[in-house]
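Asks: predicted model and sequence follow; I will ask about them next.
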Amino acid sequence: NAGVTQTPKFQVLKTGQSMTLQCAQDMNHEYMSWYRQDPGMGLRLIHYSVGAGITDQGEVPNGYNVSRSTTEDFPLRLLSAAPSQTSVYFCASCSGANVLTFGAGSRLTVL
Amino acid sequence: AQRVTQPEKLLSVFKGAPVELKCNYSYSGSPELFWYVQYSRQRLQLLLRHISRESIKGFTADLNKGETSFHLKKPFAQEEDSAMYYCALSEKGGSEKLVFGKGTKLTVNP
């Protein structure tokens, strides 16, 4: 049982490049979400999904896209990376009862 | 709108001393409150939630609706308690969307 798996763990991009952060969970959780963690800012919700085919915006959605074609996967896409998107990204899933299971994080640097 | 405030960015105590990490919230409905912890090089994980009313690793937290607070307490801090602590809030009976505070970094000195 792997839980929540994020790839890659580290990534360096140039401004304007695109990339996808992958997130997969094997717990059959309906709810999945993406947060970014910045010093002094805590965790801020980017996008979330309550089930396959359903996504919604969180607190800081600009510059990010998501899709949820399967229960297991919830990729986060950066279409044109900006230095302001340098951060640590966390994917999390939830079976209910509002208890999140987090991935290990993906550290992204945009130059 | 939901809001969670953790007034201390950094908190430093000596081993064996009591520790209290403060959390205040603003929410007009019926909230669920949580404490999550991130130890060095480990994943964020749930420490405790108010509806469980349990003690985890010696930590307790009581929801005070009058003061809109959910402070985390431990009577005798240990070095292994050093970590980043986040208070979080969600709508009771609502979605799993959690709003987090900015976090408090606790350092327990020997």
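Replies: Arrived safely.

Asks: okay, now the unreliable bits of chain B?
Replies: For chain B, the stretches with pLDDT under 70 are B:1, B:92-95.

Asks: any residues of it in contact with chain A? List them.
Replies: Taking Cβ under 8 Å from any Cβ of the partner chain as the criterion, chain B approaches chain A at residues B:6, B:9, B:32, B:34, B:36, B:43-46, B:49, B:86, B:90, B:95-103. All C-beta atoms are positioned from the backbone trio N, CA, C, and that covers glycine.

Asks: first-to-last residue distance for stretch A:15-33?
Replies: 25 Å (Cα to Cα, to the nearest Å).

Asks: hmm, that stretch in reach of chain B?
Replies: Yes: using Cβ under 8 Å from any Cβ, we find that stretch A:15-33 touches chain B at A:31, A:33.

Asks: quick one: that stretch to chain centroid distance?
Replies: Here the centre of stretch A:15-33 is set off from its chain's centre by 5 Å, with Cα atoms, centre = their mean, to the nearest Å.

Asks: thinking again about what came up before, can you select the buried ones among the residues of chain B next to chain A for me in PyMOL?
Replies: Here is the PyMOL command that selects the buried residues among the residues of chain B next to chain A (16 or more other Cβ atoms under 10 Å in any protein chain shown):
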select buried, chain B and resi 6+32+34+36+43+44+46+49+86+90+96+97+98+99+100+101+102+103
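
Asks: from the residues of chain B next to chain A, which ones fall inside strands?
Replies: Within those, residues falling in strands by DSSP state E are B:32, B:34, B:36, B:45-46, B:49, B:86, B:90, B:99-100.

Asks: tell me the spacing between the closest residue to A:A2 other than its chain neighbours and A:G103.
Replies: Residue nearest to A:A2 in three dimensions, not counting chain neighbours: A:D26, with 5.5 Å by Cβ to Cβ, 6 or more residues apart in numbering or on different chains. Per Cβ to Cβ, to the nearest Å, A:D26 is found 12 Å from A:G103.

Asks: so what sits against both of the two?
Replies: A:3, A:5 (Cβ atoms under 8 Å, 6 or more residues apart in numbering or on different chains).

Asks: of the two, which one has the most company?
Replies: A:G103 (26 against 13; other Cβ atoms under 10 Å in any protein chain shown).

Asks: how about the residues of chain A by chain B?
Replies: Checking chain A against chain B by Cβ under 8 Å from any Cβ, the hits are A:31, A:33, A:35, A:40-45, A:48, A:50, A:58-59, A:90, A:92, A:94, A:96, A:98-100, A:102-105.

Asks: and the residues you listed, which of them are in strands?
Replies: A:31, A:33, A:35, A:42-45, A:48, A:50, A:90, A:92, A:94, A:100, A:102.

Asks: for B:D81, give me the backbone phi and psi.
Replies: phi -80, psi -10 (degrees, to the nearest 10).

Asks: need the contact list for it.
Replies: B:D81 neighbours (Cβ under 8 Å, 6+ apart): B:19, B:57, B:74, B:106, B:108.

Asks: export those residues to TSV and append columns for secondary structure and neighbour count.
Replies: Shown next, in TSV, are the contacts of B:D81 (DSSP: H, G, I helix; E, B strand; the rest coil; neighbours: other Cβ atoms under 10 Å in any protein chain shown):
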residue	secondary structure	neighbour count
B:V19	strand	21
B:K57	coil	11
B:K74	strand	22
B:L106	strand	21
B:V108	strand	20
